[in-house]
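Trainee: Predicted coordinates and the sequence they were generated for:
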Number of protein chains: 2
Amino acid sequence: MNIGDVAKRTGVKAKTIRYYEDIGFLKPKRTENGYREFDEADLHKLVFIGRARHLGFSIESCRALLALYEDKNRTSAEVKQLAQAHLNAIDEKLVLLQEMHSTLSRLISACAGDDRPDCPIMNELKIDLR
Amino acid sequence: MNIGDVAKRTGVKAKTIRYYEDIGFLKPKRTENGYREFDEADLHKLVFIGRARHLGFSIESCRALLALYEDKNRTSAEVKQLAQAHLNAIDEKLVLLQEMHSTLSRLISACAGDDRPDCPIMNELKIDLR
DNA sequence: CCTTGACATTCCAGTAACTGGAAGCCTTAG
DNA sequence: CTAAGGCTTCCAGTTACTGGAATGTCAAGG
């Protein structure tokens, strides 16, 4: 199967698939003309990676997940630990974003948004040094 | 004032201050020996940028905010619009992260986390192609 | 048989916003 | 005088791709 068709079937772009090969996620055979030739296992891997990425796992975490994916002797505890670590990271980001959201919402509500220069948003940003 | 002291007083690292000079946020004078010499206006700018960054504004948005900051004829509407656009972007990220959070939480709860290989997290990632 | 268009290949550069490190000069305290 | 620490510049690396250029290949139509 050629890279374009793989892209269509997996939802992972051709450019990205080449990148994933570069970083060692898969090693498709090559046909005589130099084209990559993908098999079903490659497709499954790509979908797997695509879904993990969709859940926000980093490439390095995907690498670890992929290793577990191919490890018959893995334990669900190992998988769960990776997922939990990732969830913790997500929660930290959520907290930061929620803080931003609430501060910005407050400032935006307080701002008249008219043609005068006076603005609570600017005031918050420019308060003096302590 | 030397860069190290500025870093301490503004909370912006020396490395970052040099970077901000590179990208044109400030242009401190130089003393005879080549050291950067910062004045109070520089300090205020750095704090301003630091706070905007803390609220998640991109460097380019900071550039726009900084322009408004220095514009006597700005309108609060202009500021509000930038802030609103940024808030919208934050909200989009929040939605994505919340989706990830909820999916991952569900999967983690469903995973035994024991020494067996069977794992709902893995199952979700490896489901067949449609 | 030839051309044309849609594929495929590689390689290089750019993105965002710094951060780390090397090599070397300057300053200040002891 | 020396050693520590601060300052300088410049180069490379980070994340996960993405865009683009130059070139090669394949299948179909005239």
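Mentor: Looks like it came in fine. Residues are numbered from 1 along each chain as shown, chains lettered A, B, ... in the order given.

Trainee: and A:E124, what does it touch?
Mentor: A:103, A:107, B:51 (C-beta atoms under 8 Å, 6 or more residues apart in numbering or on different chains). C-beta: built from backbone N, CA, C; applies to glycine.

Trainee: Mind checking if the helix of greatest length in chain A is in reach of chain B?
Mentor: Secondary structure assigned by DSSP state H gives helix A:76-110 as the longest helix of chain A. Yes - interface with chain B: helix A:76-110 contributes A:76-77, A:79-81, A:83-84, A:86-87, A:90-91, A:93-94, A:96-98, A:100-101, A:103-105, A:107-108 (C-beta under 8 Å from any C-beta of the partner chain).

Trainee: Would you mind giving the orientation angle of that helix with respect to helix B:76-110?
Mentor: Going by axes from the mean of the first three to the mean of the last three C-alpha atoms, to 10 degrees, helix A:76-110 is angled at 160 degrees with respect to helix B:76-110.

Trainee: Output the contacting helices and strands for helix A:76-110.
Mentor: Judged by 3 or more C-beta pairs under 8 Å, 6 or more residues apart in numbering or on different chains; DSSP states H and E, the packing partners of helix A:76-110 are helix A:59-69, helix A:120-126, helix B:76-110, helix B:120-126.

Trainee: Buried ones in the last one, by neighbour count?
Mentor: By that I understand helix B:120-126. For helix B:120-126, the neighbour count (16 or more other C-beta atoms under 10 Å in any protein chain shown) marks B:120-122, B:124-126 as buried.

Trainee: In TSV, list the residues you listed along with pLDDT.
Mentor: Converted to TSV, the buried residues of helix B:120-126 look like this (pLDDT from 0 to 100):
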residue	pLDDT
B:P120	96
B:I121	96
B:M122	96
B:E124	94
B:L125	94
B:K126	89
